[in-house]
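Novice: Next come a sequence and a model predicted from it.
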Amino acid sequence: AWSVQENGITYRPFVFLRPPPGHSFSVELDTMGQLPARPSRVHVVLECICSSGELLGDSLCFLHHPRDESSLLLRTLCKQSYLDWEKVTRWVQQLVRSAWLLLPESHHCHLTVLPSSLSCKFQLTGTSQMNIFTEILFAVE
């Protein structure tokens, strides 16, 4: 979705998160047994990928070949075995900040990360003083 204001434009794209190989997402149902309007609790489930060895190379699955540490996804973006939306938000904000510095536009526009814990909000300000606001909303497949 997008909208135009007097001094800027706002974009609100959805970014669908997909689990890496050997993982799946399971959205917890609400108290009525229905899917919640916004997935607040997304369980990260480890899956066996042993039989797909020829597709993934020499990867060993986390389920049957546990290592000293859990999977990168569980260590980086989860709290216990659930996606932590604040960690996901900080991780994406850092990725966008790093990528922005590599773009030629970064010399002409200023990127500001706006405070948010469940989505990523950014403001671009150029020499024309036209503001472009982006709020990245997350969903899981």
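Specialist: Received the coordinates, thanks.
Novice: who touches Val44 in this structure?
Specialist: Val44 is in contact with 19, 23-26, 73-74, 78, 81-83, counting by Cβ atoms under 8 Å, 6 or more residues apart in numbering. In short, each C-beta sits where N, CA and C put it, glycine included.
Novice: Of the residues you listed, which belong to strands?
Specialist: Mapping the contacts of Val44 onto strands (DSSP state E) picks out 23-26, 78, 82-83.
Novice: one step back: I'd like to know which of the contacts of Val44 are buried.
Specialist: By neighbour count, with 16 or more other Cβ atoms under 10 Å, the contacts of Val44 hold 19, 23, 73-74, 78, 82-83 as buried.
Novice: quick one: which of those is nearest to Ile9?
Specialist: Closest approach to Ile9 among those (Cβ to Cβ): Leu83, at 29.7 Å.
Novice: That closest one is in contact with Val42, isn't it?
Specialist: Yes: counting by Cβ atoms under 8 Å, Leu83 does reach Val42; the two are 4.3 Å apart.
Novice: Overlap of the contact sets of those two?
Specialist: 25, 140.
Novice: Would you mind confirming that Gly8 is in contact with Met130?
Specialist: Yes: using Cβ under 8 Å, Gly8 is in contact with Met130, at 6.1 Å.
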